[in-house]
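S.K.: Can you look at this prediction? I've put the sequence above it.
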Amino acid sequence: MTDNPRVYVAGHRGLVGSAMLRRLREKGYDSCVTRTRSELDLLDAAATEAFFRSERPEWVFLAAAKVGGIYANNTWPADFIRDNLTVQTNVVTSAHRAGVKKLLFLGSSCIYPKFAPQPIPESALLSGPLEPTNEPYAVAKIAGIVLCRSYNRQYGTNYISVMPTNLYGPGDNYDLETSHVLPAMIRKFDDAKRSGAREVVLWGTGSPKREFLYVDDLADACVFLMETYDGSEIVNIGTGEDLEIRELAEMVRDVVEYRGTTRWDASKPDGTPRKLLDVSRLHALGWRHSIGLRDGIERTYADYLRSRKLA
């Protein structure tokens, strides 16, 4: 493999893909290939194969995916499983046919059972029932892991799979119908601050515990693993630290400087009671996160305020 491989980042305009592109360029990988969705529809198998045949990337970061929070997963389950299965299959198949030397598949911590042991080791995969609210998305991601393993086994490819915890950061999605919990909180508290609302209503009880990783830390971990790790065993990427959603809300409210009250709507679903990843494998490989949660939220809120000014 060359010291400066030709790299394709699929999904480079998304939260994860844009962070990966930033990190690659920071580290001197200056031969990066990107395509917007309008330029290349990864749901189109023929177009995807033609792109790989033409561009011949050596490394691929598969960050393109249809993602969303509880509301989106509950509302469009067929879209989530269909689109993610299709994109994964098209990219991995085309990568193999074009002779890609290494591929990183980005999974999700939702692949693990709803009641997995905490913290969740990689060995918990397929050991129990999934959380029903995002089962279609999780099944698609599990299929992607097995797809990569199967290509490694049958064709001797070098396709690795990583499972990040809950992500947030610059370029996040703040749409209240499709966003994840942390950016949704930023949007809700900021809207309430601007409108002078006395109360913000949040979903669930606030009692579930979650782990959050700043997206630039994820990108750094992914580049690190592409440089150093070869194997079919999945690798969790996280901080190894979690907190209650209620505590997260207080932290976000404090960063936004919203002075009203918070009310929890217990009629809405909580999702998995706790989801903390066991990151001992990643630590043993030599990587740890560097950006703390409070610092990351402050950076993300600053990015949100910039995006509002540009809108």
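M.R.: Yep, it's here. Numbers count the residues shown, from 1 in each chain.
S.K.: hmm, who's touching the helix or strand of the chain with the lowest mean pLDDT?
M.R.: In the chain, no helix or strand scores lower on mean pLDDT, DSSP states H and E than helix 70-75, which sits at a mean of 82. By Cβ atoms under 8 Å, 6 or more residues apart in numbering, the list of residues contacting helix 70-75 from outside reads 80, 133, 134, 136, 137, 177, 178, 203, 269, 271. For glycine as for every other residue, the C-beta is placed from the backbone atoms N, C-alpha and C.
S.K.: run the last query once more with 7 Å
M.R.: By Cβ atoms under 7 Å, 6 or more residues apart in numbering, the surrounding residues in contact with helix 70-75 are 80, 133, 134, 137, 177, 178, 269, 271.
S.K.: Name only those of those residues that count as buried.
M.R.: 80, 133, 134, 137, 178, 269, 271 (16 or more other Cβ atoms under 10 Å).
S.K.: Quick check: the gap between the fourth one and residue 67.
M.R.: Distance check for residue 137 against residue 67: by Cβ to Cβ, to the nearest Å, it reads 8 Å.
S.K.: What's the local residue count around the residue nearest to residue 108 when sequence neighbours are not counted?
M.R.: Once flanking residues are discounted, residue 108 sits nearest to residue 141: 5.0 Å by Cβ to Cβ, 6 or more residues apart in numbering. Residue 141 has 26 neighbours, counted by other Cβ atoms under 10 Å.
S.K.: Show only the entries of the contacts of helix 70-75 found in helices.
M.R.: Secondary structure defined by DSSP state H assigns 80, 137 of the contacts of helix 70-75 to helices.
S.K.: Let me know the closest of the contacts of helix 70-75 to residue 21.
M.R.: Checking these against residue 21 with Cβ to Cβ, the nearest one is residue 178 at 22.2 Å.
S.K.: ok, the closest one touching residue 76?
M.R.: No: Residue 178 lies out of contact with residue 76 (Cβ atoms under 7 Å); the separation is 9.1 Å.
S.K.: low-scoring stretches of the stretch 51-200 of the chain, by residue?
M.R.: Applying pLDDT under 70 to the stretch 51-200 of the chain picks out no residues at all.
S.K.: Run through the strands of it in chain order.
M.R.: 59-62, 102-106, 159-164, 166-168, 199-203 (DSSP state E, counting those that start in this stretch).
S.K.: tell me which strands and helices the helix or strand harbouring residue 299 is in contact with?
M.R.: Assigned by DSSP states H and E, residue 299 belongs to helix 293-310. Counting contacts by 3 or more Cβ pairs under 7 Å, 6 or more residues apart in numbering; DSSP states H and E, helix 293-310 packs against helix 181-195, helix 245-256.
S.K.: how does it look with 6 Å?
M.R.: For helix 293-310, the packing partners by 3 or more Cβ pairs under 6 Å, 6 or more residues apart in numbering; DSSP states H and E come out as helix 245-256.
S.K.: need the contact list for residue 228.
M.R.: By Cβ atoms under 6 Å, 6 or more residues apart in numbering, residue 228 lies in contact with nothing.
S.K.: Repeat the analysis, applying 8 Å as the threshold.
M.R.: Residues near residue 228 by Cβ under 8 Å, 6+ apart: 285, 286.
S.K.: So residue 264 sits against residue 204, correct?
M.R.: Yes: Residue 264 is within contact range of residue 204, at 6.4 Å (criterion: Cβ atoms under 8 Å).
S.K.: follow-up on the earlier one: which of the strands of the stretch 51-200 of the chain sits closest to residue 257?
M.R.: Residue 257 sits nearest to strand 199-203 of all these, at 13.1 Å, using Cβ to Cβ.
S.K.: Flag every buried residue along the closest one.
M.R.: In strand 199-203, counting by 16+ other Cβ under 10 Å, buried: 200, 202, 203.
S.K.: Stretch 247-267 too?
M.R.: Burial within stretch 247-267, assessed by neighbour count using 16+ other Cβ under 10 Å, is assigned to 248, 249, 251, 252, 253, 255, 256, 258, 262, 264.
S.K.: Could you point out which residue ranges in the stretch 201-311 of the chain have low pLDDT?
M.R.: The stretch 201-311 of the chain contains residues with pLDDT under 70 at 311.
S.K.: about what we covered before: need the contacts of helix 70-75 in CSV with distance to residue 60, can you?
M.R.: As requested, the contacts of helix 70-75 are arranged in CSV below (distance: Cβ to Cβ, whole Å):
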residue, distance to residue 60
80, 22
133, 30
134, 25
137, 21
177, 31
178, 26
269, 35
271, 31
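S.K.: which one of the contacts of helix 70-75 is nearest residue 114?
M.R.: Looking across those and measuring by Cβ to Cβ, the closest to residue 114 is residue 271, at 8.6 Å.
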